[in-house]
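> Predicted model, plus sequence, below.
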Amino acid sequence: MPERDLTVVWQPISLLEKNQPSPDSEYYPPSRQSHGYLRVMEALRRSAEEASGTRAVSTIGADGTIDDPVFRFYWELGRRIHHDGEVFFDAAEVLTAVGLDPSPAEAFDQEVWDDEIRTRMNRGLDLTGTDVGTPLIAIDGQDGDRVALFGPVITRVPQGEPALRLWDCFVELACLPGFWEMKRTRTERPDFGPRP
């Protein structure tokens with residue numbers, strides 16, 4: 001978001017780890033599948049950081065592009081899951097589709113990545129508590145301390161000035177001592193708009 005000079009670091013949250021669904025639950029297969037994608041994401045992050053010698057972050061270039069392999073993989077997952085209604089697909093094909101080396105897909109079944117996923121996930125949950133869902137957004141507060149909130153939960157993504165106002169409101173609430181929650185009953189399903 002160049003309008004707010006933001007640098008984004010994408011972090012994992014595993015619903016398999018957080019919610020611990022029973023293997024006979026309908027939520028277990030998609031949670032297990034998405035956990036595999038998070039392993040790939042962490043392998044991709046490590047590979048990108050080793051290659052560049054810097055932390056994998058998302059910044060928006062003057063032409064509007066984001067040159068962050070973790071973001072590109074994550075964004076393509078979002079397209080397939082939310083726009084195409086797919087959950088089960090090959091991670092190597094996703095990496096290839098966004099112009100990345102498919103070799104990090106080997107991490108899909110490798111438990112060695114789970115500690116890193118838990119560590120990164122728990123950094124967010126340590127700030128918000130565990131009775132939350134996704135998204136979690138953490139920022140540096142006005143006093144320099146890290147603060148985070150669950151949300152915003154929206155059914156339509158605003159663009160332009162409304163998006164900036166939403167962000168500014170989020171920042172104010174996250175930094176407000178004693179603020180915990182706002183909520184109303186959801187009356188519509190998410191509208192993801194056209195496939196980006």
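Okay, I see it.
> which parts of the longest helix seen in the chain are buried?
In the chain, with assignment by DSSP state H, the single longest helix is helix 28-52. Of all the residues in helix 28-52, those buried under the rule 16 or more other Cβ atoms under 10 Å are 28, 31, 33-45, 47-48. (C-beta placed from N, C-alpha, C; glycine too.)
> next SSE after it?
Per DSSP states H and E, the first helix or strand lying C-terminal to helix 28-52 is helix 69-78.
> Surely residue 13 and residue 128 touch.
No - using Cβ atoms under 8 Å, residue 13 makes no contact with residue 128, being 10.4 Å away.
> joint contacts of the two?
Residues touching both residue 13 and residue 128 (Cβ atoms under 8 Å, 6 or more residues apart in numbering) are residue 136.
> ok so, going back, what is the longest helix of the chain packed up against?
helix 15-19, helix 69-78, helix 91-97, helix 114-128 (3 or more Cβ pairs under 8 Å, 6 or more residues apart in numbering; DSSP states H and E).
> Which positions within the shortest one qualify as buried?
If I follow you right, that is helix 15-19. 15-18.
> same question, stretch 81-92
By 16+ other Cβ under 10 Å, the buried positions in stretch 81-92 come out as 81, 89, 91-92.
> pLDDT value on the most far-flung residue of the chain relative to its centre, please?
In the chain, the residue that sits farthest from the middle, by Cα atoms, centre = their mean, is residue 24; the gap is 26.5 Å. Looking at residue 24, its pLDDT is 97.
> check contacts around it.
Taking Cβ under 8 Å, 6+ apart, we find residue 24 in contact with no residue.
> Residue 8 bridge partners, please.
Per DSSP bridges, the residues bridged to residue 8 are residue 58.
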